[in-house]
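# got a predicted model here, sequence first, then my questions.
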Amino acid sequence: METTTTLNKIGSYSFVAEPFHVDFTGKLTLGVLGNHLLNCAGFHAEERGFGMATLNEQHYTWVLSRLAIEMEEMPYQYEPFTIQTWVENVYRLFTDRNFAILNKEGKAIGYARSVWAMISMEDRKPIDLLSLHGGSITDYICDKPCPIDKPGRIKISVQEPAALHQARYSDIDVNGHVNSIKYIEHILDLFPLERFRHQFVRRFEMAYVAESYYGDTLCFYPEQKGELEQDIEVRKNHADVVVRSKIIFA
């Protein structure tokens with residue numbers, strides 16, 4: 001049972017699966033869900049004095065390091081759903097933030113785990129979270145359980161890319177680099193439409209290693225790890241790794 005103190009630490013935000021947010025099956029796309037999760041993280045942090053607007057005044061910003069989403073089902077077109085978010089742990093250089101996705105009946109249909117760092121916008125170096133605002137960020141640590149595995153290690157051995165994509169206008173976010181959710185969309189585009197007609201993305205992991213920019217060539221290296229599991233590495237300009245991903249279908 002969640003206590004009043006615990007509930008005060010959890011942010012809860014309502015959404016509807018809009019027609020332009022669903023795919024050809026009528027279900028919410030993973031990219032849109034990812035954007036909603038990141039928005040909820042921003043709302044929750046801003047309400048507690050650690051949001052982007054506040055941090056940007058100090059020339060700091062949050063960066064997403066890891067993300068794992070695990071779903072039992074996706075909301076259908078026009079269905080309302082709720083996302084809850086809370087902080088699980090705060091370390092000196094990282095913080096763990098979790099999410100629960102609830103259907104219109106309030107039942108959990110999925111969870112997500114994320115890892116964030118705070119960096120200086122001037123030199124891109126990490127900021128000591130425990131020194132910020134007197135360490136008050138730890139006041140929001142919440143013991144609400146998140147019953148999915150943390151992101152694991154992803155290792156690729158293939159040498160030849162299966163696809164290339166040059167980063168364009170629609171890929172670039174307000175920070176001037178390829179948006180973290182755009183990688184999810186490009187990775188899902190590696191698979192044929194028929195796969196999504198018959199299978200469901202049960203779990204999706206992302207590990208963000210470096211930034212890529214407008215004009216960079218993104219090279220995608222997928223490797224089959226099992227009948228329903230695939231790891232993908234994204235490199236920029238055939239060299240530096242920018243993202244590692246794991247997809248498990250069901």
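Sure, I can see it.
# please name the nearest non-neighbouring residue to residue 235.
residue 219 (4.7 Å; CB to CB, 6 or more residues apart in numbering). For glycine as for every other residue, the C-beta is placed from the backbone atoms N, C-alpha and C.
# wait, a strand at the one you found?
Yes - under DSSP: H, G, I helix; E, B strand; the rest coil, residue 219 falls within a strand.
# what about it, how many neighbours?
Close neighbours of residue 219, defined as other CB atoms under 10 Å, add up to 20.
# would you list every one of the helices in the chain?
Counting by DSSP state H, one finds helices in the chain at the ranges 4-8, 30-47, 52-57, 180-188, 193-198.
# closest to residue 91 out of the ones you listed?
Set against residue 91 and scored by CB to CB, the helices of the chain come closest in helix 30-47, at 16.1 Å.
# the closest one versus helix 180-188: what angle between them?
Counting by axes from the mean of the first three to the mean of the last three CA atoms, to 10 degrees, helix 30-47 lies at 160 degrees to helix 180-188.
# re earlier: ranking the helices of the chain by burial, who's on top?
Compared across the helices of the chain, helix 180-188 shows the largest average neighbour count, a mean of 21 (mean count of other CB atoms under 10 Å).
# chain center to it: distance?
10 Å (CA atoms, centre = their mean, to the nearest Å).
# tell me the mean pLDDT over it?
Helix 180-188 shows a mean pLDDT of 97.
# give me the contact list for that helix.
29-31, 34-35, 38, 64, 67, 165, 170-171, 173, 196, 201, 204, 206, 208, 218, 220, 232, 234, 242-243, 245, 247 (CB atoms under 8 Å, 6 or more residues apart in numbering).
# I'm done for today, thanks for sticking with me.
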